[in-house]
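Engineer: Can you look at this prediction? I've put the sequence above it.
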Amino acid sequence: MYVNKTVLKKTMDDKDSKFDQRKRSTPTNIFRKISGREELDRAKAKRYDPYSYESNALTLKLLIIILSVWSIISICLAIQDYRISSMLNEWNKQGITTLPPSSFDPQALIDFAKNENLDCVNINSLLFELGDCHNVMDLHASFASAQDISFLLFSFLVISLLVSIFVFGAFTHRASRNLLTLRSERQRFSPEMAVTWFFIPIMNLFKPWQVYVELFKGSDPSIMAGESDWKSKGMVPKIVHIWELFFLLIFIFNPLTISRIWFSVRKTIEDISSAHNALVIADLMLAILGFLAMFLTAKLHIWQEKRKNLIGPISVTPPKPIDPISEILKNDKKM
């Protein structure tokens, strides 16, 4: 039987083409496109391609804007906590010993009035603000308004924190990646691990500091290009250590630890006022940390730009990761 090979080949190619089209349109591949997994895979494939120095100028500008917002919100929170503390102290002078409910609950407001010996005994008196009910409603409104403002500011602070973490991580990754192009070889922390250490509990208390110590040493413009001893000769500005000090202090003394550890027992209005005074300090420390992070990253960027201008544009190939199993087998063969 005669078979036309050309026709057969064309038929097989058509089947393969249709199969590829069906494969590309499967739900799995569509999900990969929507989720950005394909883009991530392409980025991983290019991870070990040759590259040149990449300036952090745009990332730094964005980071400074976000950290400025973070610091301003922290200062606003400090002002708000000071106002609440002052308000509570004033109430304490007037003989108020407990806090009114922040939400409008008639029975809770009546119970509050009873505890404070105020003449507001039923819901009708409360609704028409008879007797001391007017004072009860004023206290409730003042406290509820203060709580709402604090909650709003804290929500903005959390949002700015999440955004700043992302941008700070991008800046750190690129700065670490630039070390090879600045002729500072054999760095201890890879760009990926330089970012990852920020998210590992306990280790993130000191590893990020070590990362930035290495970044500054490898970016020091006073060190000669290709200097093998840059890890011991490179300079580290004092701001790196001050930044780490505030980072540790805030880990111990922040709004969450104040409410859950340092002032977890708040029985009287004086206790709550003292807690808000502590929050003022914590808020200001958060603002200072934001300013320190701005100066830290700006300083590192300036150093890297200076060193890049001294060395000139060069292209480098990142080292491939070492497979531990292959390394063990290689050592066994040598033995």
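Structural biologist: Received the coordinates, thanks. Numbers count the residues shown, from 1 in each chain.

Engineer: just the helices in the stretch 1-150 of the chain please.
Structural biologist: Counting by DSSP state H, counting those that start in this stretch, the stretch 1-150 of the chain has these helices, from start to end: 5-24, 27-35, 37-45, 57-93, 106-115, 123-127, 133-181.

Engineer: neighbouring contacts of the fifth one?
Structural biologist: This points to helix 106-115. Contacts with helix 106-115, where a contact means C-beta atoms under 8 Å, 6 or more residues apart in numbering, come from 97-98, 100-101, 119-123, 126-127, 132-133, 136-137, 139-140. No exception for glycine: its C-beta is placed from N, CA and C like everyone else's.

Engineer: Taking those, please make a ChimeraX selection of just the buried ones.
Structural biologist: The following ChimeraX line selects those of these that are buried, judged by 16 or more other C-beta atoms under 10 Å:
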select :100,101,120,126,132,133,136,137,139,140
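
Engineer: sorry, back to before: hey, least reliable of the helices of the stretch 1-150 of the chain by pLDDT?
Structural biologist: Lowest mean pLDDT within the helices of the stretch 1-150 of the chain: helix 5-24, at a mean of 52.

Engineer: returning to that earlier point: of all the helices of the stretch 1-150 of the chain, which one comes closest to residue 268?
Structural biologist: Across those, residue 268 has its closest neighbour in helix 57-93 (8.4 Å, C-beta to C-beta).

Engineer: just checking, what packs against the closest one?
Structural biologist: Helix 57-93 makes packing contacts with helix 133-181, helix 269-311 when contacts are defined by 3 or more C-beta pairs under 8 Å, 6 or more residues apart in numbering; DSSP states H and E.

Engineer: So for residue 203, which of the ones you listed sits nearest?
Structural biologist: Nearest of these (C-beta to C-beta): helix 133-181, 15.1 Å.

Engineer: Pull the number of nearby residues for the closest residue to residue 197 other than its chain neighbours.
Structural biologist: Distances taken as C-beta to C-beta, 6 or more residues apart in numbering put residue 207 closest to residue 197, at 3.6 Å, once the chain neighbours are dropped. Neighbours of residue 207 under the rule other C-beta atoms under 10 Å: 17.

Engineer: Residue 201 is in contact with residue 207, correct?
Structural biologist: No: the criterion here is C-beta atoms under 8 Å, and residue 207 misses it with residue 201 at 11.0 Å.

Engineer: what about the closest residue to residue 233 other than its chain neighbours, is that helix, strand or coil?
Structural biologist: If you skip the residues right next to it in sequence, residue 233 has residue 223 as its closest partner in space, 5.8 Å away by C-beta to C-beta, 6+ apart. At residue 223 the chain is in coil, as set by DSSP: H, G, I helix; E, B strand; the rest coil.

Engineer: where does residue 223 land on pLDDT?
Structural biologist: At residue 223, pLDDT is 84.

Engineer: Could you check how far it is from residue 302?
Structural biologist: Distance from residue 223 to residue 302, counting by C-beta to C-beta, to the nearest Å: 15 Å.

Engineer: go on, residue 99?
Structural biologist: Distance of residue 99 to residue 302, given as C-beta to C-beta: 50 Å.

Engineer: Looking at these two, which has the bigger crowd around it?
Structural biologist: Neighbours per residue (other C-beta under 10 Å) separate residue 99 from residue 302, with residue 99 holding more: 17 against 13.

Engineer: so who does the more buried one touch?
Structural biologist: By C-beta under 8 Å, 6+ apart, the contact set of residue 99 is 88, 143, 269, 272.

Engineer: what do you get if the cut-off is 10 Å, keeping everything else the same?
Structural biologist: Shown in contact with residue 99 (C-beta atoms under 10 Å, 6 or more residues apart in numbering): 88, 91, 112, 139-140, 143, 147, 266, 268-269, 272.
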